[in-house]
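**Q** My questions concern the predicted model and sequence given below.
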Amino acid sequence: AREYFESYPCPPPSTAYGMLLSAIGEVDRGRHEGAEIAIGILTEPQYSVVLRTMWRVKNRQQGPGLGTNRRPDYQELLTHTELAVWVRRGKSETAEVPLSVRVRDAVADPSLVERFGALSLGESSHLVDELSLLRAEPERVLLLVRDEEGDLTLPVWPDHVGSSTRWEQYALREHTVIHDLPDEAWTAITRPEY
């Protein structure tokens, strides 16, 4: 939709990976390339809509955000969402200390982490309330699974400068055995192959 920015029903793998890097204070997104993550929605998300001012370049004679170069747009947000993000060392992760260990250590003792800014999932206004280890196995979870016929096309490795973003097809599927995630729930966070 042109004037209504819909939200994904869950964060893409690239967004969850970026949040984990921020949580451990890692500024080099390639440091843990190859790590594998799985994402599950634990609660039914609530949708909110906010009105934002969007900047566009429609008239080069007007300054940024002035006149026809700005307009109101609606943006959909997920609120009251609880997620589970599992992390494991991937086959191609070469970091000496894997992301999974760094995340576990950061959650256990946040004073060990040197980081800056608020923890968010995507834009800086999409704040994370709490980051903790999964306390108990939930009764059910909607797992994000790779599925060539799935209805979600999500970024795995974004490239905001060039045109080499890596995308994959996914679907959300109900799953009940959390300690044994299926292979299709795991996504390796890697750049596109050429």
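**A** That came through, no problem.
**Q** buried ones in stretch 118-129?
**A** Leu119, Leu121, Gly122, His126 (16 or more other Cβ atoms under 10 Å). Placement of C-beta: from N, CA and C, glycine included.
**Q** you'd agree the second one is up against Pro11?
**A** Yes - applying Cβ atoms under 8 Å, one finds Leu121 in contact with Pro11, separated by 5.0 Å.
**Q** what's the overlap in contacts for those two?
**A** Residues touching both Leu121 and Pro11 by Cβ atoms under 8 Å, 6 or more residues apart in numbering: Met19.
**Q** same for the top helix by length along the chain, what does it pack against?
**A** Longest helix in the chain, counting residues (DSSP state H): helix 13-24. Judged by 3 or more Cβ pairs under 8 Å, 6 or more residues apart in numbering; DSSP states H and E, helix 13-24 is in contact with strand 36-41, strand 83-88, helix 99-108, strand 152-157.
**Q** Just want the angle from that helix to strand 83-88.
**A** Orientation of helix 13-24 against strand 83-88 (axes from the mean of the first three to the mean of the last three Cα atoms, to 10 degrees) gives an angle of 80 degrees.
**Q** State the mean pLDDT of helix 13-24.
**A** Computed over helix 13-24, the mean pLDDT rounds to 95.
**Q** what's in contact with that helix?
**A** Residues contacting helix 13-24 (Cβ under 8 Å, 6+ apart): 11, 27, 29, 31-32, 35, 37, 39, 83, 85, 87, 99, 102-103, 106-107, 113, 115, 117, 119-122, 128, 131, 144, 154-158, 168, 187, 189.
**Q** and what of stretch 45-61?
**A** In contact with stretch 45-61 (Cβ under 8 Å, 6+ apart) are residues 7, 9-10, 64-65, 67-81.
**Q** Same check on stretch 153-165?
**A** For stretch 153-165, contacts defined as Cβ under 8 Å, 6+ apart pick out 8, 12-15, 144, 166-170, 187, 189-192, 194.
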